[in-house]
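# Pasting a predicted model and its sequence here:
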Amino acid sequence: MAPDENVKNTGIILSIINKLGINALTLRDITESERHNKLYGKSYKYLVMDGGHRSRAIRWFMEGKFKVKIGNKKYDWNNLDESVRQDFLNFEVSVDIVKIGRAHVWTPVTLESRMPSS
């Protein structure tokens, strides 16, 4: 499916344009990870843990890879009104940055029986 056919991508962009907000992005700080430095080199400081689809949709829209429908017309990044583009660029997205050591494991705790004992 091409990016412009994806309802989720257009929904993300329209949420920003309409100032409704999007969920926070969660990034993992890998600056001190020897394993990740070997794998990605020193040019990468973060990996996306949550929010990859949101960040790709924003990038693809700004690269002109898909359009969004506003009213009866479809717009890509280049034919949006300048004021809409500026509002888009100034839109604040929360970003959580976490550091995880080797011993850390992400386990969602939804039931009391799954909580670690103290």
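Noted; the coordinates are in hand.
# Next, the buried residues of stretch 88-105.
Of the residues in stretch 88-105, those with enough neighbours to count as buried (16 or more other C-beta atoms under 10 Å) are residue 88. For every residue, glycine as well, the C-beta is placed using N, CA and C.
# Check which residues of the helix or strand of the chain with the lowest mean pLDDT are buried.
Taking all helices and strands of the chain together, the one with the lowest average confidence (mean pLDDT, DSSP states H and E) is helix 34-40, at a mean of 85. For helix 34-40, the buried set under the neighbour-count rule, 16+ other C-beta under 10 Å, comprises residue 36.
# How far off centre is that helix?
22 Å (C-alpha atoms, centre = their mean, to the nearest Å).
# Which element is encountered next along the chain beyond that helix?
Following helix 34-40 in sequence order, the next helix or strand is strand 46-50 (DSSP states H and E).
# Let me know the average pLDDT across that next one.
Confidence over strand 46-50 (mean pLDDT, whole number) is 90.
# Tell me where this structure has helices.
Under the criterion DSSP state H, the chain carries helices at the ranges 7-17, 34-40, 52-62, 82-90.
# Distance to residue 73 for those helices - can I get that in JSON lines?
Written out in JSON lines, the entries for those read as follows (distance: least, C-beta to C-beta, whole Å):
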{"stretch": "helix 7-17", "distance to residue 73": "13"}
{"stretch": "helix 34-40", "distance to residue 73": "41"}
{"stretch": "helix 52-62", "distance to residue 73": "16"}
{"stretch": "helix 82-90", "distance to residue 73": "12"}
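# returning to what we had before: and for the least confident helix or strand of the chain, what are the contacting residues?
Counting by C-beta atoms under 8 Å, 6 or more residues apart in numbering, helix 34-40 makes contact with 30-31, 44, 47, all of which sit outside it.
# one step back: of the helices of the chain, give the one that comes closest to residue 98.
Distances from residue 98 to each of those were compared using C-beta to C-beta; the minimum, 13.5 Å, belongs to helix 34-40.
# For the protein, give me the ranges with low pLDDT.
In the predicted model, the chain carries pLDDT under 70 at residues 1-5, 101-118.
# When you filter the contacts of helix 34-40 down to buried only, what's left?
For the contacts of helix 34-40, a burial check counting by 16+ other C-beta under 10 Å picks out residue 30.
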